[in-house]
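Q: Quick one: sequence plus predicted model below, questions after.
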Amino acid sequence: MPDILIKNTRIYYNNSLQPAEIIIEDGKVTKIGKDLRVSSSDTIIDAGGALTLPAGIDVHVHFREPGMTLKEDWYTGSCAAAAGGITTVIDQPNTVPPTTDRRAFEQKFKLARKKSIVDFGINGGVTGNIENLKELWKLGITAFGEIFMAESTGGLNINEETFEEALAEIKRLGAPATIHAEDEKMRLELEELLKGDTSYEYHSRVRPNACEAIAVQRALELVSRLKIRAHICHISTLEATGMVRKEKYLARRENKEPLFTCEVTPHHLFLSTRDWERLRSFGKMNPPLRGSHSIKALVNGINDGTIDMVASDHAPHLESEKDVDIKVAPSGVPGVETLMPLMLAAVRKNILPLSRMILLTSWNPAKAFGLDRKFKGRLDVGFDADLIIVNPRELRPIKAEFLHSKAGWTPFEGMEGIFPEYTLSRGEIIWSEESINAKPGRGNFLEGRGKRSEEDEEDLDQADESQE
Ligand SMILES: NC(=O)N[C@@H](CC(=O)O)C(=O)O
Ligand SMILES: [Zn+2]
Ligand SMILES: [Zn+2]
């Protein structure tokens, strides 16, 4: 007996939108077809002609727990994800304590396991902790990073030497590295030069396009020299997009798959330096708001395959923390709940085709972080039924009062989004009729490729020994 039948829906399948019915059993999509015969089923969802799409995978969130639960915790963060159509998140390591050793990992893992309503991965932090990286990888972190090349929330930035050492160790482990690419030296020099600048735009000037470009170039050089799997977080400039495009093109010309991927955030796609006046210190994030040329380049980048995925960099801070002088305010904006709505609205406005939007928010992030092997990221038979049902005509203004993050505000206030009517995670309806319907702790941990059973472990140790 099927658990769920979704009928009267349209899906994007075999390169076109088509009417379909979907059967879900034991959390997986088991049939896609027309006029599927079911004798009985637990639940029938009549989508009323709305679209069923893969739910989003957000590979860059800061859920702030442990240590900063006034800003967010695993329950509120994951509810925000679910309500926004995201059923898998990867959490970043700049919590308190930072996720840089076994203890900190286990502490975060237990909290997430107990509270998250969506599936999750946990990234491992990279500071001076080179000796801990192997252990973190084996505990099942998804990737290393974001590795901070420059100062950002949490102060986990490392110098160039440590960065190289860390990448060398990550290469030995065969793990992916994710990189926050901004140049710390340039930032520090500009901070000194622009001391007298008290405007909000200061924050865009102290981390200009070149500040990102220098770091992205350096990271890409190291990645190609070391031949490691890498991912550049939140690229935001014309320059970085150009470099990524060039490197990927050159790799493909030699018939090689590029070794790296990159992401863009909705705030870099849909906000700009023109928003400083409206947002004031609420517009402060790293990398900062950019000008219109960069935004055009990013839009081209999501359309032509240069940019692999959209991730929110959900970085909640409280209104009281943000509503202060630009130099004092913490960097970061919430965004996990508005990612899918903004991208769906962008499709509606012909900024990108639906087919690209689906790749950018589900299949590409799944592939890049090995979640395809967990049957995530596609609406297809055999895959987890991580799905959203959306009515593409239902544009509505984004309002903080309806969002679930503890942040309590959004930089996208008043902008249009298309919100999901239903969110299903492994076949469970966790969001419908504007409300969350899921138990804390239902979210699964999606362990990374480094996690091994104890038996494998012994085999490996023996192999290590025989090599010595
Ligand atoms: N993006 C931000 O401005 N802040 C992030 C950290 C980060 O991604 O740099 C945060 O954790 O607050
Ligand atoms: Zn970052
Ligand atoms: Zn981040």
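A: Alright, I've got the coordinates. Residues are numbered from 1 along each chain as shown. Ligands and ions are numbered 1, 2, ... in the order given.
Q: going forward, measure contacts between C-alpha atoms and count neighbours the same way
A: Will do.
Q: Let's see the pLDDT reported for residue 461.
A: According to the prediction, residue 461 has pLDDT 59.
Q: cool, residue 42 as well?
A: 81.
Q: Next one: it from ligand 1, what distance?
A: Distance, residue 42 to ligand 1, using Cα to the nearest ligand atom, to the nearest Å: 42 Å.
Q: okay, now that residue: neighbour count?
A: 9 (other Cα atoms under 10 Å).
Q: swap in residue 110?
A: Neighbour tally, residue 110, other Cα under 10 Å: 12.
Q: for residue 156, same thing?
A: Neighbours of residue 156 (other Cα under 10 Å): 20.
Q: What of residue 318?
A: Residue 318 sits with 19 neighbouring residues when counted by other Cα under 10 Å.
Q: residue contacts, the nearest residue to it once chain neighbours are set aside?
A: Nearest residue to residue 318, sequence neighbours excluded (Cα to Cα, 6 or more residues apart in numbering): residue 407, at 4.8 Å. The contact partners of residue 407, taken as Cα atoms under 8 Å, 6 or more residues apart in numbering, are 71-72, 316-319, 334.
Q: List just the nearest of those residues to residue 307.
A: residue 334 (21.3 Å; Cα to Cα).
Q: and that closest one, which of the three is it?
A: coil (DSSP: H, G, I helix; E, B strand; the rest coil).
Q: Helix or strand: which one has the closest residue to residue 270 other than its chain neighbours?
A: Using Cα to Cα, 6+ apart and skipping the chain neighbours, the partner closest in space to residue 270 is residue 295 (7.7 Å). Assigned by DSSP states H and E, residue 295 belongs to helix 292-304.
Q: Please point out which parts of that helix sit buried.
A: Neighbour counts over helix 292-304 (16 or more other Cα atoms under 10 Å) mark 292, 294-295, 297-303 as buried.
Q: Sketch out the low-pLDDT regions of the stretch 351-468 of the chain for me.
A: 453-468 (pLDDT under 70).
Q: can we see that at 50?
A: Within the stretch 351-468 of the chain, the stretches with pLDDT under 50 are 467-468.
Q: Closest residue of it to ligand 1?
A: residue 407 (11.6 Å; Cα to the nearest ligand atom).
Q: okay, now the domains of the protein?
A: 4-46, 55-418+431-436 (automatic domain parsing).
Q: sorry, back to before: need the max-distance pair from the contacts of residue 407.
A: Using Cα to Cα, the two most remote members of these are 72 and 319, lying 12.6 Å apart.
Q: Looking at the two, which is more packed in?
A: residue 72 (25 against 16).
Q: now that one: how far from ligand 1?
A: 11 Å.
Q: Tell me which helix or strand that residue sits in.
A: Using DSSP H and E, residue 72 sits in no helix or strand.
Q: Contact partners for it?
A: Per Cα under 8 Å, 6+ apart, neighbours of residue 72: 63-65, 316, 405-407.
Q: And for residue 389?
A: Per Cα under 8 Å, 6+ apart, neighbours of residue 389: 47, 50-53, 420-423.
Q: Secondary structure class of it, three-state.
A: What three-state DSSP gives for residue 389 is strand.
Q: Was I right to think residue 265 contacts residue 271?
A: No: assessed by Cα atoms under 8 Å, residue 265 is found out of contact with residue 271, at 10.0 Å.
Q: The closest residue to residue 277 other than its chain neighbours: how many residues sit nearby?
A: What sits nearest to residue 277 in space, not counting adjacent residues and going by Cα to Cα, 6+ apart, is residue 200, at 7.6 Å. Counted by other Cα under 10 Å, the residues lying close to residue 200 total 20.
Q: Surely residue 97 is in contact with residue 65?
A: No: counting by Cα under 8 Å, residue 97 does not reach residue 65; the two are 9.1 Å apart.
Q: who's more crowded, these two?
A: The residue with more neighbours, out of residue 97 and residue 65, is residue 65; 26 against 18, by other Cα under 10 Å.
Q: Pretty sure the more buried one sits against residue 75.
A: No: Residue 65 lies out of contact with residue 75 (Cα under 8 Å); the separation is 9.7 Å.
Q: check whether the longest helix along the chain contacts ligand 1.
A: Ranked by number of residues, the top helix in the chain under DSSP state H is helix 209-226. No: against ligand 1, helix 209-226 shows no contacts by Cα under 6 Å from any ligand atom, the least distance being 12.2 Å.
Q: Each with direction, which strands does the next helix or strand after that helix pair with?
A: Once helix 209-226 ends, the next helix or strand along the chain (criterion: DSSP H and E) is strand 230-232. Using DSSP bridges, strand 230-232 pairs in its sheet with strand 177-180 (parallel), strand 260-264 (parallel).
Q: Of these, which is nearest ligand 1?
A: Using Cα to the nearest ligand atom, these put strand 177-180 closest to ligand 1, at 6.6 Å.
Q: Now do that closest one: everything it contacts.
A: Where contact means Cα under 8 Å, 6+ apart, the residues beyond strand 177-180 that reach it are 143-150, 167, 170, 219, 228-234.
Q: try it again with 10 Å
A: 60, 123-124, 126, 142-152, 157, 163, 166-167, 170-171, 212, 215-216, 219, 223, 228-235, 260-262, 286-287 (Cα atoms under 10 Å, 6 or more residues apart in numbering).
Q: Please apply the same query to stretch 248-256.
A: Contacts to stretch 248-256, defined as Cα under 10 Å, 6+ apart, come from residues 224, 242-244, 246-247, 257-261, 305-306.
Q: Okay, buried residues for that stretch please.
A: Neighbour-count burial for stretch 248-256 flags 248-249 (criterion: 16+ other Cα under 10 Å).
Q: So what's the gap between that stretch and the chain middle?
A: From the chain centre to the centre of stretch 248-256 is a distance of 26 Å (Cα atoms, centre = their mean, to the nearest Å).
Q: Same check on stretch 412-419?
A: That offset, for stretch 412-419, works out to 19 Å (Cα atoms, centre = their mean).
Q: got the CA positions of it in PDB?
A: C-alpha atoms of stretch 412-419 as PDB (Å, rounded to 0.1, in the frame of the first residue of the first chain):
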ATOM      1  CA  PHE A 412      14.400  40.700   1.600                       C
ATOM      2  CA  GLU A 413      11.400  42.300   3.400                       C
ATOM      3  CA  GLY A 414       8.800  43.200   0.900                       C
ATOM      4  CA  MET A 415      10.400  41.400  -2.000                       C
ATOM      5  CA  GLU A 416       8.400  38.800  -3.900                       C
ATOM      6  CA  GLY A 417       8.800  35.100  -3.300                       C
ATOM      7  CA  ILE A 418       6.900  31.800  -4.200                       C
ATOM      8  CA  PHE A 419       6.600  29.700  -1.000                       C
END
